[in-house]
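Asks: Need coordinates for the below:
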Amino acid sequence: MNKAELINHLSDKVGVTKKQAEDMVEAFVDVVTNTLKSGGEVNIAGFGAFMAKTRAARMGVNPQNPSEKIQIGAVTVPKFKAGKGLKDALKHTGAAASSAPAPATPSTPEAPSVPSM
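Replies: Now for the predicted structure:
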């Protein structure tokens, strides 16, 4: 689901105009972004938590010259940790099983079995 689809679903579910739903989504994104920028967390009970984590500086490999080592600086990245309610909801729907691709079937016919002598 992309942002436009989320706005449409939210508009239908809550009974507001698409513009009001868009404003709600934009406000939510702004609040989460500004809270993470200021070092805070956004916790929604039963759903999950948005937080900012700092990845430490580390040594890496230059992809254009694999023999050359490069320093990769520390960076702050957004993280989301799913809450128990969300995990349980997904566990009981079988969403993981239904989204997995079906196992491939062989395209060549099986060789006939040869009777043993």
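
Asks: Next, the contact list for Lys84, please.
Replies: Gly46 (C-beta atoms under 8 Å, 6 or more residues apart in numbering). Glycine gets a C-beta too; all of them are placed from N, C-alpha and C.

Asks: again, only this time at 10 Å
Replies: Contacts for Lys84 (C-beta atoms under 10 Å, 6 or more residues apart in numbering) come out as Ala45, Gly46, Phe47, Gly48.

Asks: For the residue nearest the centre of the chain, give me its contacts.
Replies: Nearest to the geometric centre of the chain sits Phe80, at 8.2 Å (C-alpha atoms, centre = their mean). Counting by C-beta under 10 Å, 6+ apart, Phe80 makes contact with Val32, Val42, Phe47, Gly48, Ala49, Phe50, Met51, Leu86.

Asks: Buried among those? Need that as a selection in ChimeraX.
Replies: Buried residues among these (16 or more other C-beta atoms under 10 Å), as a ChimeraX selection:
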select :32,42,48,50,51
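
Asks: Format the contacts of Lys84 as CSV; extra columns: distance to Arg58 and pLDDT.
Replies: Formatted as CSV, those follow (distance: C-beta to C-beta, whole Å; pLDDT from 0 to 100):
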residue, distance to Arg58, pLDDT
Ala45, 35, 96
Gly46, 35, 93
Phe47, 32, 96
Gly48, 27, 97
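
Asks: Could you dump those into TSV and include secondary structure and distance to Gly73?
Replies: Formatted as TSV, the contacts of Lys84 follow (DSSP: H, G, I helix; E, B strand; the rest coil; distance: C-beta to C-beta, whole Å):
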residue	secondary structure	distance to Gly73
Ala45	coil	35
Gly46	coil	36
Phe47	coil	32
Gly48	strand	28
